[in-house]
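Peer 1: sharing a model prediction with you, sequence too.
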Amino acid sequence: MTKIDDPEEVQFRQVNPSWMEDDGPSRLAFIPTKKDGGQLSLDRSASTTAKQSYDDFRALGLNSDGVFGLTPNECEESPNPVECFASPQGNNPHHSHAEFNGLSNSQKKAKSQELRRKAIARGKLHP
């Protein structure tokens, strides 16, 4: 696991259709679930495109309503900074994650709201 050193490298986040609201993804799209072990799954734009990330995700039988993006800089902003790490997996060499471990539940909720705003401001990247 290596920290992503480019603060502006967009990290792609797949958004499940159940996490979409009228104005874009809900904050639930930007907070790890219990099964994620405190790590928000992302894909690196340094090694894949938003379209390819979406296609690869769906090829695994997973559901995505679209791809949104965040940068390590945005993730590391105070007051609840989280760091982004490259974390390739066997079925996904482009995988990365934002590390939420160390934040309290209320801090995680606040951070997910902040990341949601950033992702919506950037706009849907695919499709």
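Peer 2: Yes, it's here. Numbering: from 1, shown residues only.

Peer 1: residue 117: which element?
Peer 2: Taking DSSP states H and E as the criterion, residue 117 maps to helix 105-122.

Peer 1: now what about that helix, what contacts it?
Peer 2: 10, 13, 23-32, 68-70, 74-75, 77, 79-80, 82, 98, 100, 103 (Cβ atoms under 8 Å, 6 or more residues apart in numbering). Using the backbone N, CA and C atoms, a C-beta is placed for each residue, glycine as well.

Peer 1: show me where the protein has its helices.
Peer 2: Secondary structure of the chain (DSSP state H): helices at 50-59, 72-76, 105-122.

Peer 1: is the residue nearest in space to the middle of the chain in a bridge, and if so with what?
Peer 2: Centroid-nearest residue in the chain: residue 13, 3.7 Å away (criterion: Cα atoms, centre = their mean). Bridge pairing for residue 13 (DSSP bridges) gives the partners residue 68.
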